[in-house]
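S.K.: Output the structure for:
(one chain, ligands or ions: 2)
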Amino acid sequence: MNEHERFIARRGRSKATDPAASFRADAVFTDENDHNPWVFVRCPSCDGRGQICEHRGPGVEALRECETCHRTGVALSVERYFQNDDPPRDATEFIPDWVRCPACGSAFSIRDKVAWTGRRHNDRGGTRGICGQRLNVHRAPPA
Ligand SMILES: [Zn+2]
Ligand SMILES: [Zn+2]
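M.R.: Ligands and ions are numbered 1, 2, ... in the order given. Next up, the predicted model:
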């Protein structure tokens, strides 16, 4: 086991002073973590892929293991899934189930389990990064 694998094993367990972390893809949003769990920081060398694509000649490309993270895709540190710690903002349905996030301007369905954690706007697209805004969603009164 290399140092990255040891780090993952250690941080995968829960302790108040040494927060349990998961891979981003495995993040679980709960009331206890305020829908903002600890996750492993992506390896900056391979952007979390664990492998690096190499040109080895015209039309020849090969994948090699990222030596920075030993293929684990993570750096030896943890961070919160979202960097957004702003207080909750209001969002009101403009059509049933759909709201527009006042922080980033994107519209999304509150039935979309990817875009909406149940507390935070989880927008992965665009150049803004991940929004993470806490929202108080108000259902529109029936017409
Ligand atoms: Zn890497
Ligand atoms: Zn947003």
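S.K.: Just to check, residue 87 is in contact with residue 134?
M.R.: Yes - between residue 87 and residue 134 there is a contact at 7.1 Å, judged by CB atoms under 8 Å. Bear in mind the C-beta positions are built from the backbone N, C-alpha and C, glycine included.
S.K.: Of those two, which one has the most company?
M.R.: Comparing residue 87 with residue 134 by other CB atoms under 10 Å, the one with more neighbours is residue 134, at 19 against 7.
S.K.: any idea what sits nearest the more buried one, other than its immediate chain neighbours?
M.R.: residue 88 (4.1 Å; CB to CB, 6 or more residues apart in numbering).
S.K.: List the contacts of the one you found.
M.R.: 134, 135, 136 (CB atoms under 8 Å, 6 or more residues apart in numbering).
S.K.: any chance of those in JSON lines, plus secondary structure?
M.R.: Putting these into JSON lines (DSSP: H, G, I helix; E, B strand; the rest coil) gives the following:
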{"residue": "134", "secondary structure": "strand"}
{"residue": "135", "secondary structure": "strand"}
{"residue": "136", "secondary structure": "strand"}
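S.K.: of all those, which comes closest to ligand 2?
M.R.: residue 135 (7.8 Å; CB to the ion).
S.K.: how deep is the closest residue to that closest one other than its chain neighbours tucked in, by neighbour count?
M.R.: Nearest non-adjacent residue to residue 135, counting by CB to CB, 6+ apart: residue 91, 4.6 Å away. Close neighbours of residue 91, defined as other CB under 10 Å, add up to 21.
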